[in-house]
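S.K.: Sequence and predicted structure, then a few things I'm wondering about:
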Amino acid sequence: MNKVALITGITGQDGSYLAELLLEKGYEVHGIKRRASSFNT
């Protein structure tokens with residue numbers, strides 16, 4: 001059975017380190033990132 005991980009905040013420092021670690025261990029990694037904020041100027 002394949003191991004699958006879902007990481008929220010994958011673009012952050014901790015999330016990216018965790019993704020790399022899990023990929024090295026053979027996990028299928030999926031990530032969620034927050035939508036970029038936009039300012040009305």
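M.R.: Nice, thanks for sending it over.

S.K.: Can you give me the pLDDT of the one residue sitting closest to the centre of the chain?
M.R.: Centroid-nearest residue in the chain: I10, 2.4 Å away (criterion: Cα atoms, centre = their mean). For I10, the pLDDT comes out at 92.

S.K.: Spell out the secondary structure type for it.
M.R.: Assigned by DSSP: H, G, I helix; E, B strand; the rest coil, the conformation of I10 is coil.

S.K.: who's in contact with the residue lying closest to it once chain neighbours are set aside?
M.R.: Excluding the flanking residues, the one nearest I10 by Cβ to Cβ, 6 or more residues apart in numbering is G31, at 2.8 Å. All C-beta spots, glycine's among them, are computed from the backbone N, C-alpha and C. By Cβ atoms under 8 Å, 6 or more residues apart in numbering, G31 lies in contact with 6-8, 10-11, 15, 19.

S.K.: what's the helix or strand for G31?
M.R.: If you go by DSSP states H and E, G31 is part of strand 28-32.

S.K.: what do you get for R34?
M.R.: Judged by DSSP H and E, R34 forms part of no helix or strand.

S.K.: ok, it - contacts?
M.R.: Applying Cβ under 8 Å, 6+ apart to R34 gives the contacts G9.

S.K.: which of the residues in the strand holding G31 are buried?
M.R.: By neighbour count on 16 or more other Cβ atoms under 10 Å, the buried set for strand 28-32 is 29, 31.

S.K.: CA-only coordinates of it, as PDB, when you get a sec.
M.R.: Taking Å, rounded to 0.1, in the frame of the first residue of the first chain, the C-alpha atoms of strand 28-32 are listed here in PDB:
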ATOM      1  CA  GLU A  28       3.400  10.500  -2.300                       C
ATOM      2  CA  VAL A  29       3.200  14.100  -1.200                       C
ATOM      3  CA  HIS A  30       0.400  16.600  -1.900                       C
ATOM      4  CA  GLY A  31       0.400  20.200  -0.600                       C
ATOM      5  CA  ILE A  32      -1.900  23.100   0.000                       C
END
